[in-house]
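1. Structure for the following, please:
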Amino acid sequence: MKETEGLSKLTLKVLIFSVIDFIFLILLAWFLTKLGPKTTELKKMKNLLVQAKQIDLDAIQKTLLENKEKSEKLATVLPNEDELIEFINQIDLLKKEKKINSFSFVADKPMKDKTGFFGLPLIIESKGSWQEINETLKSIDQLPYLIRGLNLEIKLLSDKEIMLKFAGILYVSQNFVQD
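-> Numbering: from 1, shown residues only. Prediction:
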């Protein structure tokens with residue numbers, strides 16, 4: 001009887017472990033069936049991320065190209081040391097036309113302004129009627145250089161004559177600053 005009792009206990013244990021193994025097998029099969037669609041969904045998400053990154057790269061490249069064109073255009077109006085001579089020659093032409101009485105740079109080295117760009121401070125003085133002063137300002141504005149006005153003083157010398165003192169910054173290229 002002891003053998004039957006021992007055998008029935010062993011059979012019971014084998015039966016319990018078999019049931020537990022069967023339950024684990026069913027759970028494993030269930031996880032595997034659920035895992036397939038999840039991996040497919042994960043692949044789709046990964047592909048979407050890759051596509052989004054590619055779109056971002058394309059947008060960045062497009063922005064860089066647009067900014068390159070703008071920076072090249074800006075570089076044409078920012079003189080380097082050699083092109084500064086051309087600017088001075090154009091100012092001298094305005095002097096010869098008697099539109100400008102005097103011109104001078106306030107500093108001999110470029111200074112950084114509040115916008116973070118470098119420029120040479122300058123002062124231009126002119127005398128004439130209101131119409132002549134207006135033409136002088138238009139001539140300065142039409143120069144192919146980037147000049148920002150900082151201060152404009154106008155003194156009335158007589159009924160027909162005015163004195164203009166224009167203070168501004170002639171922006172220069174980064175190469176000018178590095179040389």
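2. can you count the residues close to the residue lying closest to residue 175 once chain neighbours are set aside?
-> Excluding the flanking residues, the one nearest residue 175 by CB to CB, 6 or more residues apart in numbering is residue 80, at 4.7 Å. Where C-beta positions appear, they are placed from N, C-alpha and C, glycine not excepted. Neighbours of residue 80 under the rule other CB atoms under 10 Å: 15.
3. Kindly report the same for the one 10 residues further on.
-> With neighbours defined by other CB under 10 Å, the count for residue 90 comes to 16.
4. contacting residues around the residue positioned nearest the centre of the chain?
-> Nearest to the mean C-alpha position of the chain, by CA atoms, centre = their mean, lies residue 67 at 7.8 Å. Applying CB atoms under 8 Å, 6 or more residues apart in numbering, we find residue 67 in contact with no residue.
5. and residue 116, which of the three is it?
-> coil (DSSP: H, G, I helix; E, B strand; the rest coil).
6. now do residue 100
-> Residue 100 ends up coil, using three-state DSSP.
7. Skipping its backbone neighbours, what lies nearest it in space?
-> residue 94 (4.5 Å).
8. Can you give the distance of the longest helix along the chain from its chain's centre?
-> In the chain, taking DSSP state H as the definition, the longest helix is helix 2-77. On the basis of CA atoms, centre = their mean, to the nearest Å, helix 2-77 sits 37 Å off its chain's mean C-alpha point.
9. quick revisit: and the residue nearest to the centre of the chain, how close does it get to residue 110?
-> 23 Å (CB to CB, to the nearest Å).
10. How is the chain divided into domains?
-> 1-76, 81-178 (automatic domain parsing).
11. Make TSV out of these and add mean pLDDT.
-> Formatted as TSV, the domains of the chain follow (pLDDT from 0 to 100):
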stretch	mean pLDDT
domain 1-76	78
domain 81-178	85
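12. Out of these, which is the most enclosed?
-> domain 81-178 (a mean of 15; mean count of other CB atoms under 10 Å).
13. In this structure the residue nearest to residue 175 contacts residue 172, no?
-> Yes - counting by CB atoms under 8 Å, residue 80 does reach residue 172; the two are 7.1 Å apart.
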